[in-house]
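# Fold the following for me, if possible:
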Amino acid sequence: MLELERVGAYLLPWEFSPAWVIVCLAAAGCYLRGLKRLRSRGQAPGFWRPLAFLLGVGGVYAVTQTHYDYLSQYMFFTHRAQHLVLHHAAPFLVALAAPLPVLAAGMPSRITNLPGRAVAGRILSPLYRLLQHPAIAPLLFVGLIYFWLIPEVHFDAMLSHQRYQIMNWSMLLDGLLFWWLVLDPRTPDQGGLGYGARVLALLVVIPPQILLGAYLTFSESVLFDVYAVCGRAWPIAPLTDQQLGGLITWIPASMMSVIGVLIVIRYILSDKGDADKGGASKAKAEHERGMPQP
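Numbering: from 1, shown residues only. From the prediction side, this is the model:
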């Protein structure tokens, strides 16, 4: 009984945030509603995409609205793991799930029919296109990591509730934008980014993350003294804490880009296979009609 109470305490929010709870629950609820509707029409995706989406949303909730958030504020390496989820793993899973058709099916009609929706779309569309530009998106993706790890900026963010929330939200939103750009299920003919540009964007962000992670790992001085000011959750040496955070910034973050490249290669092969099938079907139809093939 005592163990259950302890587990329950860890699952409760450290600092309750209505915004995080509403966004996570609304995303999951809307997706499940859309999934149910599409299944009734026989149009639902398979098992893996819904699993990826729900794991992504669950990961965001876990690192922001459980006791883990306390650890993220009082240990550097757990903070880096939190941002690994918010900026890499969770957005990666959400984008991989290609959830837009399911979310659209689950969206309440009173929201989809809002009178200002078209106007808001026209206003936000130029900003969205700017952020999704293949030259800007990788720069912003890496730049935000560097920005929030500037020691002075990091110190202020960790001591201010408002700046702490801004930091976490910016990492999540930027992660969603970047991973959606490179994992967009649409082909280039359908409006998606070209496959070469996707691979380039994924490769470009690897070296800066390696350099930053290596710098944090091999630095001989403690760069983030905010954890000494506030106290650490666990009795770990400050330099060890920083080294672990550097390794998290270095290895798994870079590996995510490698996995992304492999997925884009799979998109290329799948697209080529579909094109070959389409060409073969066309040739067969022309042959059956007695038409000369080019």
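# going forward, measure contacts between C-alpha atoms and count neighbours the same way
OK.
# Give me the number of neighbouring residues for Ala95.
Applying other CA atoms under 10 Å, we find 25 residues neighbouring Ala95.
# Isn't it up against Trp179?
Yes. Ala95 is in contact with Trp179 according to CA atoms under 8 Å; the separation is 6.0 Å.
# Secondary structure element holding Lys36?
Assigned by DSSP states H and E, Lys36 belongs to helix 18-40.
# Pull the CA coordinates from that helix and hand them back as PDB.
Provided in PDB are the C-alpha atoms of helix 18-40 (Å, rounded to 0.1, in the frame of the first residue of the first chain):
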ATOM      1  CA  PRO A  18      -3.400  23.900 -16.900                       C
ATOM      2  CA  ALA A  19      -1.900  24.700 -20.300                       C
ATOM      3  CA  TRP A  20       0.200  21.400 -20.400                       C
ATOM      4  CA  VAL A  21      -2.700  19.300 -19.100                       C
ATOM      5  CA  ILE A  22      -5.300  20.800 -21.500                       C
ATOM      6  CA  VAL A  23      -3.000  20.500 -24.500                       C
ATOM      7  CA  CYS A  24      -2.100  16.900 -23.800                       C
ATOM      8  CA  LEU A  25      -5.600  15.700 -22.900                       C
ATOM      9  CA  ALA A  26      -7.200  17.600 -25.800                       C
ATOM     10  CA  ALA A  27      -4.700  16.100 -28.300                       C
ATOM     11  CA  ALA A  28      -5.200  12.600 -27.000                       C
ATOM     12  CA  GLY A  29      -9.000  12.900 -26.700                       C
ATOM     13  CA  CYS A  30      -9.300  14.500 -30.200                       C
ATOM     14  CA  TYR A  31      -7.100  11.800 -31.700                       C
ATOM     15  CA  LEU A  32      -9.000   8.900 -30.000                       C
ATOM     16  CA  ARG A  33     -12.300  10.400 -31.100                       C
ATOM     17  CA  GLY A  34     -11.100  10.700 -34.700                       C
ATOM     18  CA  LEU A  35      -9.700   7.200 -34.600                       C
ATOM     19  CA  LYS A  36     -13.100   5.900 -33.500                       C
ATOM     20  CA  ARG A  37     -14.900   7.700 -36.300                       C
ATOM     21  CA  LEU A  38     -12.500   6.600 -39.000                       C
ATOM     22  CA  ARG A  39     -12.700   3.000 -37.800                       C
ATOM     23  CA  SER A  40     -16.400   3.100 -38.200                       C
END
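# That helix: which residues count as buried?
20-21, 24, 27-38 (16 or more other CA atoms under 10 Å).
# before we move on, what about stretch 231-238?
Arg232, Pro238.
# What's the mean pLDDT across that stretch?
Mean pLDDT, stretch 231-238: 90.
# any idea which of the buried residues of helix 18-40 is closest to Gly245?
Trp20 (24.3 Å; CA to CA).
# shouldn't the closest one be in contact with Tyr61?
Yes. Proximity of Trp20 to Tyr61 meets the contact threshold set by CA under 8 Å, at 7.1 Å.
# Look at the residue nearest the centre of the chain and report its pLDDT.
The residue lying closest to the centre of the chain (CA atoms, centre = their mean) is Pro91, at 1.5 Å. We have a pLDDT of 98 for Pro91.
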